[in-house]
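1. structure here, sequence nowhere to be found:
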């Protein structure tokens, strides 16, 4: 096979932390090479080097056998390297057409020859089966369509090597199939693809070769046909990982929270609750299964006091709640791992230590005089302890939370919430975007909390996660519960049907 | 009201709108590259002084206009360096320009002309009537018998519209204000465009200031810009970051200004200060009604860092 791109001894250092260390990577023409690794293994950094966003501290890059210096993204485009970033690089206020031709070098003169450009784009889109509406604004099209725009944009700018950074994370199953068809088409046209993912099933399905990264270094490269999911997982996290089997429990006891016919924004099928009753007892995990946007967000906000019900009652630890205020709920022992960690759970520009004590600054442990003066020393030693205990990978406790990888950000929230010793823990999409190792860690922590007698509400769009973790499963559809199932040998078929409202 | 009164109010409205329009276009170009510059008031002040001084010494108003542009650019480069290269906060540095520049202008004026009473005046730029068009009844004299600066200001609106809607470089420019990283990944020089936008902003705001001394008031006085820099900011929001819209907004504010002068002259008994408030009140009201920033460039006011993790 003909070699297209080769990276030799690439290292990238941020301060005294190596994001990549002595990485060698080869991509051949017409293949899909997968980069597999946990969050923070250095996949994105490596790719940012390849497209000229970062400069490597050391190492060389060869394209078609020739050494090239990629000192800017523009240079990478010129060399035929295109990347579809995990967070799309699309100008939302502009049309699909304008986004694709952005940086246009084909039109002579100062004006854009729209008719000619349009024809070229349509030809490309036909050839690769990339169906897009050229005149729609980016905000008007689906995530899957936005991704097709990104791929089309890269091809339009002459990409021979296309990097897809976790392209399936935001897609539905059908859209993933479509993406794979496009990737196969690219291969057959002699283009190469670097695919970044940690979804094992997809990786095994689409890759030709798989390169495994761990802690910034290449562990090995294997042919897809000669490996399986278990082997890859072990290589990725560097130890044996057996499939978890959590014991399911049945508990009795006074419920920590009880909802009685709660209604909120009832007429809205997607963002409302239409008469919901449930209870959570100490020491059990109640899982909410359902397609995203059937009232899960509102349910979580209600049980954490962010919003109040329009009708119905909420009881916390046996007493009826009259005012809905997050502060009161926190005081009554409700902890919350919110659905969007960057929006609600963390303050990105503040340090790990600060984020860890956000909820407890007024306690005697961390301040004199109810939060008047902070006990910096105590906060720091507490933070050091939690960083150890929860395996938060960081350069120091003073590092801004924004610069941590997703999995480590989630660990910060989890540490803060679990350490507040709650009676009720509400967790929403706790492992979204997390790799196997981090997911496993989060799940273990939840089980440990359950064993200590914490009542846990688990809301997740990941059906497997709900099945694996829950002692009881409630299915939500258009703001109503469609049924309750035991977590022991749950009837998967029945639950799936209930999720669609049947 | 008689035809004469209406015509004179409209004429005054256009005349009042022109400096505002120049300064607002400065902000439009700046914000299109994501640079929120609230230092317009200061930029216009140095422009006004430079325009006055050069015209005073050379007797040529065009030299004055050019000097206004250069002065605006030089001062705005302070803002550009701090916000683009050092990623400093836009508002803080815009405010710094507002504090520094007018004081600097007044200082230079006093050093050059002393604090004494003698009024130093210059001859204003002459109007140029456009043949044929000026003979259109009513409108002709109104719109086609003005100083060249008026025509240039409106031509700038046209140019801005074409540039951002039709040209390659306009599309690249706009994308820097919307999503700089996306622009960078396609090889667009984000830092370069941001600096360019600051140069254009400085030049236009400086010219707007120079217009005040060379086409409007014959002399430099402290506070000559009198809040136009801030009204221009409002005009950009009111005009939805688009050339025609901003022009409409400036004409509206110009009309308010013209009306208040007319009312001051014609009304007895009401203290004139109340009428003077009209343009500012209109600004507050307009912003309260459609002050949402949502329509603006998405990365407006955000620093751009190259190797951000």
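-> Yep, that arrived. This one's a predicted model, so the numbers in the text were calculated from it and none came from an experiment.

2. when you work out contacts or count neighbours from here on, use the C-alpha atoms and nothing else.
-> Will do.

3. closest residue of the stretch 301-450 of chain A to chain B?
-> residue A:403 (6.1 Å; C-alpha to the nearest C-alpha).

4. phi, psi for that residue please.
-> phi -90, psi 0 (degrees, to the nearest 10).

5. check contacts around the residue in chain B that chain A sits nearest to.
-> Here chain B gets closest to chain A at one residue, residue B:187, 3.2 Å apart by C-alpha to the nearest C-alpha. Contacts for residue B:187 were tallied using C-alpha atoms under 8 Å, 6 or more residues apart in numbering or on different chains; they are A:72, A:73, A:74, A:75, A:77, A:103.

6. so which of those are also by chain B?
-> A:72, A:73, A:74, A:75, A:77, A:103 (C-alpha under 8 Å from any C-alpha of the partner chain).

7. the last one is in contact with residue B:190, isn't it?
-> No. Applying C-alpha atoms under 8 Å, one finds residue A:103 not in contact with residue B:190, separated by 11.4 Å.

8. ok, residue B:37 to residue A:376 distance?
-> 38 Å (C-alpha to C-alpha, to the nearest Å).

9. neighbour count winner among the two?
-> Higher neighbour count among residue B:37 and residue A:376: residue B:37, with 28 against 13, using other C-alpha atoms under 10 Å in any protein chain shown.

10. what about the strands in the stretch 151-300 of chain A?
-> Assigned by DSSP state E, counting those that start in this stretch, the stretch 151-300 of chain A shows strands spanning A:161-165, A:192-196, A:209-214, A:217-223, A:257-264, A:273-280, A:285-289.

11. about what we covered before: by neighbours, which of the ones next to chain B among the contacts of residue B:187 wins?
-> When those are compared by neighbour count (other C-alpha under 10 Å), residue A:73 ends up highest, at 28 neighbours.

12. tell me the contacts of that residue?
-> Neighbour list for residue A:73: A:51, A:52, A:53, B:184, B:185, B:186, B:187 [criterion: C-alpha under 8 Å, 6+ apart].

13. kindly report the same for residue A:38.
-> Residue A:38 sits in contact with A:198, A:213, A:214, A:236, A:237, A:435, A:436, A:437, where contact means C-alpha under 8 Å, 6+ apart.

14. was I right about residue A:348 contacting residue A:401?
-> Yes. Between residue A:348 and residue A:401 a contact is recorded at 4.9 Å, counting by C-alpha under 8 Å.

15. show me which of those two is the more surrounded one.
-> More crowded of residue A:348 and residue A:401, by other C-alpha under 10 Å: residue A:401, with 24 against 17.

16. before we move on, back to that, including secondary structure, could the contacts of residue B:187 go into TSV?
-> What follows is the contacts of residue B:187, written out as TSV (DSSP: H, G, I helix; E, B strand; the rest coil):
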residue	secondary structure
A:72	coil
A:73	helix
A:74	helix
A:75	helix
A:77	helix
A:103	coil
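
17. mind putting these into TSV with pLDDT?
-> TSV is the format used below for the contacts of residue B:187 (pLDDT from 0 to 100):
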residue	pLDDT
A:72	88
A:73	89
A:74	88
A:75	92
A:77	92
A:103	87
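
18. which of those lies closest to chain B?
-> Nearest member of the contacts of residue B:187 to chain B, counting by C-alpha to the nearest C-alpha, is residue A:74, at 3.2 Å.

19. tell me the spacing between that closest one and residue B:211.
-> In terms of C-alpha to C-alpha, residue A:74 sits 41 Å off from residue B:211.

20. now residue B:111
-> Applying C-alpha to C-alpha to residue B:111 and residue B:211 gives a distance of 22 Å.

21. more neighbours: the two, which one.
-> residue B:211 (29 against 10).

22. next secondary structure after the longest helix that chain B contains?
-> Using DSSP state H, we find that the single longest helix of chain B is helix B:3-32. Later in the chain than helix B:3-32, the nearest helix or strand by DSSP states H and E is helix B:40-58.

23. give me the mean pLDDT for that next one.
-> The pLDDT scores in helix B:40-58 average 96.

24. how about stretch A:438-456?
-> For stretch A:438-456, the mean confidence score works out to 91.

25. and what of stretch A:246-253?
-> Per-residue scores along stretch A:246-253 average to 86.

26. what lies in contact with that stretch?
-> Residues outside stretch A:246-253 that contact it (C-alpha under 8 Å, 6+ apart): A:281, A:282, A:283, A:284, A:447, A:468, A:469, A:470, A:471, A:487, A:488.

27. in helices, which of these appear?
-> Per DSSP H, the subset of the contacts of stretch A:246-253 in helices is A:447, A:468, A:469.

28. ok, and the most crowded of these?
-> Neighbour-wise, the ones in helices among the contacts of stretch A:246-253 (other C-alpha under 10 Å) top out at residue A:469, 24 neighbours.

29. I'd guessed it sits against residue A:288; true?
-> No. Using C-alpha under 8 Å, residue A:469 makes no contact with residue A:288, being 10.7 Å away.

30. am I right that residue A:302 is in contact with residue A:308?
-> Yes. With contact defined as C-alpha under 8 Å, residue A:302 reaches residue A:308; the gap is 5.9 Å.

31. so which of the strands of the stretch 151-300 of chain A comes closest to chain B?
-> So among those, strand A:161-165 is nearest, using C-alpha to the nearest C-alpha, at 12.8 Å.

32. how many degrees apart are the closest one and strand A:192-196 in direction?
-> Orientation note: strand A:161-165 sits at an angle of 10 degrees relative to strand A:192-196 (axes from the mean of the first three to the mean of the last three C-alpha atoms, to 10 degrees).

33. and strand A:161-165, how far out from the chain middle?
-> 18 Å (C-alpha atoms, centre = their mean, to the nearest Å).

34. would you mind listing the buried residues in the helix or strand that contains residue B:151?
-> Counting by DSSP H and E, the element that carries residue B:151 is helix B:148-166. By neighbour count on 16 or more other C-alpha atoms under 10 Å in any protein chain shown, the buried set for helix B:148-166 is B:148-150, B:153-154, B:156-157, B:160-161, B:163-166.

35. any common contacting residues for residue A:103 and residue B:190?
-> Residues touching both residue A:103 and residue B:190 by C-alpha under 8 Å, 6+ apart: residue B:183.
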